[in-house]
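Participant: Any chance you can model this:
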Amino acid sequence: MAEPKLTCSRVGLAFVLATLVLLAGPQQADATHAPVVKSSAKNAYATMLYMGTPRDYEFYVAARVMLQSLARLKVDADLVVIASSAVPIKWRRNFLKDGIRLVIVEDIQNPYRNQPDFDMRFMFTLNKIYAWTLTDYERVVMLDVDNLFLQKADELFQCGEFCAAFINPCIFHTGLFVLEPSNETFNAMLSDIQSGRENRDGADQGFLTAHFSDLLDKPLFHPPTNGTKLKGIYRLPLGYQMDASYYYLKLKWSVPCGPNSVVTFPSVPMLKPWYWWAYPVLPLGLSWHEQRRHTIGYGSELPLMAAEALFYIITMIVAMIVRQRVLTTDRPPLIKSCLGRGPCSIESGSIVQPFLLKVAAIFAIIASFAIPFVLVPTTAHPLMGWALWLLGSQSLLIVTINIFQLPVLPVLTPWLGFFGVLLVMAAPIYSNGIIRALAIFGYAFLASPLLWWMLTQVSASIDLAFAREPLMAYANMRKKEMIEEW
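Facilitator: Reported below is the predicted structural model:
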């Protein structure tokens with residue numbers, strides 16, 4: 001019976017080439033979208049960047065994208081990065097090239113690092129209070145890098161001395177807040193930190209919510225129509241800090257209070273929008289990457305991804321040529337079931353060896369998916385990332401098929417299953433998130449028997465090889481002896 005043709009390789013190759021062509025253009029965005037530094041602005045959008053987390057580079061990329069997206073919105077404010085002195089010089093230069101004002105600071109040592117359940121990635125988040133030292137400005141909007149601006153929000157500069165939004169009904173979110181710079185306030189906060197004032201999480205969130213503990217009782221911010229700045233403390237409408245989870249429920253924005261201006265992603269760290277695997281798991285990830293595509297581009301990832309794609313294509317072609325030669329000749333398989341000149345016996349390990357070979361084959365199949373996943377640059381565009389992963393996993397699966405002499409279709413079944421679930425998740429046909437979730441679970445339920453079928457087919461293939469190989473070896477030996485006798 002003829003083996004199924006490996007036409008999937010053409011699909012993977014076409015997918016990668018189309019994606020690279022689509023995304024190659026924005027490589028020049030680093031230069032063409034660099035805004036001009038302002039010197040007389042009364043207000044500023046600011047974020048902070050520090051080192052010491054496992055994902056420093058990702059936060060650096062996210063900061064550049066967010067600030068460049070604000071520049072594209074033509075906001076009437078300076079763009080500022082409060083950067084730790086440990087931030088690499090190259091990154092600083094790129095910020096300056098983008099037209100960003102840099103404020104270099106020394107890390108504030110965190111006195112809460114030894115408290116139970118402290119997350120070490122929050123070690124230097126208290127640097128956020130340096131925003132109160134930006135006294136060149138009347139108001140500062142302090143931002144985390146995971147904010148996605150849908151439109152200008154310059155009316156925030158009309159808010160009072162401190163303003164923040166409540167995502168949690170009782171605890172305001174520090175991913176975006178408005179402040180009036182004041183060295184006096186900064187010194188008071190620094191004194192509280194050094195004295196070890198109670199902080200529930202040891203990070204900026206716990207510290208600021210304790211410092212402004214009465215914000216829940218304050219009035220809601222409504223920007224004055226005459227453009228004047230308010231005094232006092234205010235709650236911001238939820239539209240300035242829309243939790244991405246609200247979108248996933250209805251797959252559209254429907255926040256009635258305040259303008260729908262800013263999306264935030266307070267999710268698990270590994271599903272932040274800049275990771276290529278976050279989409280289509282979380283649909284809004286693509287919106288973040290669209291902002292990156294129109295701002296700083298993907299010039300830093302494209303060369304590496306092109307090299308990986310070329311390696312996978314060459315590997316797949318060589319593996320397919322080798323397989324074709326094996327199928328058309330009498331060459332022995334790359335892995336023999338047992339040693340010796342006669343049929344395998346129990347003493348030679350014919351019972352143990354099939355089990356070990358099955359385990360090795362399953363492990364190789366899993367590794368064929370895991371290795372390309374790890375090698376894709378974390379901040380690649382999702383279309384590029386998934387295309388490269390599909391190409392790489394298919395390439396390594398074909399190598400696995402050749403090494404273990406496995407049937408093609410069963411081994412490629414998980415690959416087809418992953419491709420299918422990506423299409424199900426990305427399909428723009430769902431009216432709300434509940435229907436989307438049901439579709440995904442339904443697909444998984446229907447596809448799960450195919451995974452079991454794959455395992456049984458791989459196991460049966462190895463059993464058949466063990467049953468057939470000794471007989472063939474014995475027959476060849478007898479044939480050789482008969483020829484010699486003749």
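Participant: Helix or strand with the lowest mean pLDDT in the protein?
Facilitator: When the helices and strands of the chain are scored by mean pLDDT, DSSP states H and E, helix 29-32 comes last with a mean of 33.
Participant: Contacts made by the helix or strand following that one with the rest, please.
Facilitator: Using DSSP states H and E, the helix or strand that follows helix 29-32 in sequence is strand 43-49. For strand 43-49, the external contacting residues (Cβ atoms under 8 Å, 6 or more residues apart in numbering) are 59-60, 63, 66-67, 70, 75-84, 87, 91, 101, 127-128, 130-131, 134, 136-145, 154, 157. The C-beta positions use only the backbone N, C-alpha and C, and glycine is treated the same way.
Participant: Give the other helices and strands that the helix or strand following strand 43-49 contacts.
Facilitator: Downstream of strand 43-49, the first helix or strand assigned by DSSP H and E is helix 56-72. If contacts are counted by 3 or more Cβ pairs under 8 Å, 6 or more residues apart in numbering; DSSP states H and E, helix 56-72 sits against strand 43-49, strand 78-84, helix 89-97, strand 147-149, helix 285-293.
Participant: what's residue 368 in contact with, if anything?
Facilitator: Applying Cβ under 8 Å, 6+ apart, the residues near residue 368 are 393, 396-397, 399-400.
Participant: low pLDDT regions in the stretch 151-300 of the chain?
Facilitator: Applying pLDDT under 70 to the stretch 151-300 of the chain flags the ranges 254.
Participant: Mind doing that once more with 90?
Facilitator: The stretch 151-300 of the chain contains residues with pLDDT under 90 at 168-170, 195-202, 227, 244-260, 266-269.
Participant: Please, where are all the strands along it?
Facilitator: 162-166, 172-179, 233-236, 242-243, 262-264 (DSSP state E, counting those that start in this stretch).
Participant: circling back: any chance of the helices and strands packed on helix 56-72 in TSV with distance to residue 406 as columns?
Facilitator: What follows is those, written out as TSV (distance: least, Cβ to Cβ, whole Å):
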stretch	distance to residue 406
strand 43-49	48
strand 78-84	51
helix 89-97	46
strand 147-149	45
helix 285-293	35
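Participant: I'd like those written out as JSON lines, with distance to residue 193 and mean neighbour count added.
Facilitator: Output for the helices and strands packed on helix 56-72, formatted as JSON lines (distance: least, Cβ to Cβ, whole Å; neighbours: other Cβ atoms under 10 Å):
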{"stretch": "strand 43-49", "distance to residue 193": "15", "mean neighbour count": "24"}
{"stretch": "strand 78-84", "distance to residue 193": "16", "mean neighbour count": "23"}
{"stretch": "helix 89-97", "distance to residue 193": "26", "mean neighbour count": "14"}
{"stretch": "strand 147-149", "distance to residue 193": "24", "mean neighbour count": "22"}
{"stretch": "helix 285-293", "distance to residue 193": "32", "mean neighbour count": "20"}
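Participant: Quick one: closest of the ones you listed to residue 229.
Facilitator: Shortest separation from residue 229 across these is recorded for strand 43-49, at 9.5 Å, computed as Cβ to Cβ.
Participant: Can you give the strand pairings for that closest one, parallel or anti for each?
Facilitator: strand 78-84 (parallel), strand 139-143 (parallel) (DSSP bridges).
Participant: In contact with residue 73, which residues are there?
Facilitator: Residue 73 touches 149, 151-152, counting by Cβ under 8 Å, 6+ apart.
Participant: what's the neighbour count on residue 369?
Facilitator: Residue 369 has 18 neighbours, counted by other Cβ atoms under 10 Å.
Participant: show me what contacts the closest residue to residue 220 other than its chain neighbours?
Facilitator: Using Cβ to Cβ, 6 or more residues apart in numbering and skipping the chain neighbours, the partner closest in space to residue 220 is residue 235 (5.2 Å). Residue 235 makes contact with 163-166, 172, 215-216, 218-221 under the criterion Cβ under 8 Å, 6+ apart.
Participant: Now flag whichever of those residues is closest to residue 183.
Facilitator: Once Cβ to Cβ is applied, the member of the contacts of residue 235 that ends up nearest residue 183 is residue 163, at 19.9 Å.
Participant: Check the offset of stretch 143-155 from the chain's centre.
Facilitator: With Cα atoms, centre = their mean, to the nearest Å as the basis, stretch 143-155 stands 20 Å off its chain's centre.
Participant: List the contacts of that stretch.
Facilitator: 43, 45-47, 49, 59, 62-63, 66, 69-70, 73-77, 141, 174-176, 223, 240, 259-266, 272-273, 284, 287-288, 291.
Participant: change it to 6 Å
Facilitator: With contacts defined as Cβ atoms under 6 Å, 6 or more residues apart in numbering, stretch 143-155 is touched by 47, 59, 62-63, 66, 69, 73, 75-76, 175-176, 223, 261-265, 272, 288.
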